[in-house]
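In: pasting the sequence and the predicted coordinates here, then a few questions.
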Amino acid sequence: MNKEKVKELILDDDTPATILNAMMLSLFGAAWYIWELETVQSGLKVYAEVEDYSDFVEDKLGALIVLLTNDRFYNEWEVFENIGHAFNHNIVFPGQLQPMNVEELNWVLYESKLIDDEYQSFSSDVNAYIKTVLHEEGTVGEVEDIYSISKIKVFSKNILDKEVQSVKIQRVKSYKLLKIQKLNEYSLKYFNKDLSAHIEY
């Protein structure tokens, strides 16, 4: 990948984690996974000839290293939450409780499965976190399949609540669709690859 494309991607707050991972693999191979984040930062700055780059990109790169080098994403709810915020373009505040909403939860489960070939089962702590988010927003689903939005169901018996929650589930579907469309746009622009036939809507 040429210098100008790398520069565009690391200065763009919205560059998806999946695209950043592909960029790093094209530049440095899988060896980058075991680098310290500071090494990644300095390497990108030198290569792209920039003094600094997006804080959101930095958070996503750090999240990718954790996701792909250890099992903390699957076992520690705090790490799961931090990676979730990074993948959803939110500012990450380690050590502070910042519950995700259902849209964000759905996306981190979906995108992490796209990125990690060794996707694992979640610990009881992470499962409890996921179920709490779903319950507090009035939805319920099987944790192992929640990355597929079709598995989320409304559990309220009140008709008015059901209508409200149905709208909420449609909102989650729309959020995921926009994310997937954006991901494909970046893939086409920077890698000339159309992902539409390879990703689940």
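Out: In hand now; what should we look at?
In: okay, now the unreliable bits of this protein?
Out: Along the chain, the model assigns pLDDT under 70 to residues 137-165, 198-201.
In: find the centremost residue of it, please.
Out: The residue lying closest to the centre of the chain (CA atoms, centre = their mean) is F87, at 3.1 Å.
In: in contact with it, which residues?
Out: F87 makes contacts with 16-17, 60, 63, 107-108, 111-112, as judged by CB atoms under 8 Å, 6 or more residues apart in numbering. The way it works is simple: take the backbone N, C-alpha and C, and place the C-beta from them, glycine included.
In: check V66 too.
Out: 72-73, 79, 83.
In: now, of those residues, which are buried?
Out: 72-73, 79, 83 (16 or more other CB atoms under 10 Å).
In: now those residues in JSON lines, with distance to A22 and secondary structure?
Out: Output for the buried ones among the contacts of V66, formatted as JSON lines (distance: CB to CB, whole Å; DSSP: H, G, I helix; E, B strand; the rest coil):
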{"residue": "R72", "distance to A22": "23", "secondary structure": "helix"}
{"residue": "F73", "distance to A22": "19", "secondary structure": "helix"}
{"residue": "V79", "distance to A22": "23", "secondary structure": "helix"}
{"residue": "I83", "distance to A22": "18", "secondary structure": "helix"}
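In: which helices and strands sit right next to the host helix or strand of L178?
Out: Counting by DSSP states H and E, the element that carries L178 is helix 159-191. Judged by 3 or more CB pairs under 8 Å, 6 or more residues apart in numbering; DSSP states H and E, the packing partners of helix 159-191 are helix 3-11, helix 17-28, helix 102-115, strand 139-140, strand 153-154.
In: report all helices and strands that the third one contacts.
Out: Counting contacts by 3+ CB pairs under 8 Å, 6+ apart, the secondary-structure elements packed against helix 102-115 are helix 17-28, helix 55-69, helix 77-87, helix 124-136, helix 159-191.
In: and the second one, which residues are buried?
Out: Read that as helix 55-69. By neighbour count on 16+ other CB under 10 Å, the buried set for helix 55-69 is 56-68.
In: dump it to CSV, restricted to CA.
Out: C-alpha atoms of helix 55-69 as CSV (Å, rounded to 0.1, in the frame of the first residue of the first chain):
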residue,chain,number,x,y,z
ASP,A,55,-6.7,9.1,18.3
PHE,A,56,-9.5,6.9,17.1
VAL,A,57,-7.2,5.0,14.8
GLU,A,58,-4.7,4.6,17.6
ASP,A,59,-7.4,3.1,19.8
LYS,A,60,-8.4,0.7,17.1
LEU,A,61,-4.9,-0.4,16.5
GLY,A,62,-4.4,-1.1,20.2
ALA,A,63,-7.7,-3.0,20.3
LEU,A,64,-6.6,-5.1,17.3
ILE,A,65,-3.3,-6.1,19.0
VAL,A,66,-5.2,-7.2,22.1
LEU,A,67,-7.9,-9.1,20.1
LEU,A,68,-5.4,-11.0,18.0
THR,A,69,-2.7,-11.8,20.5
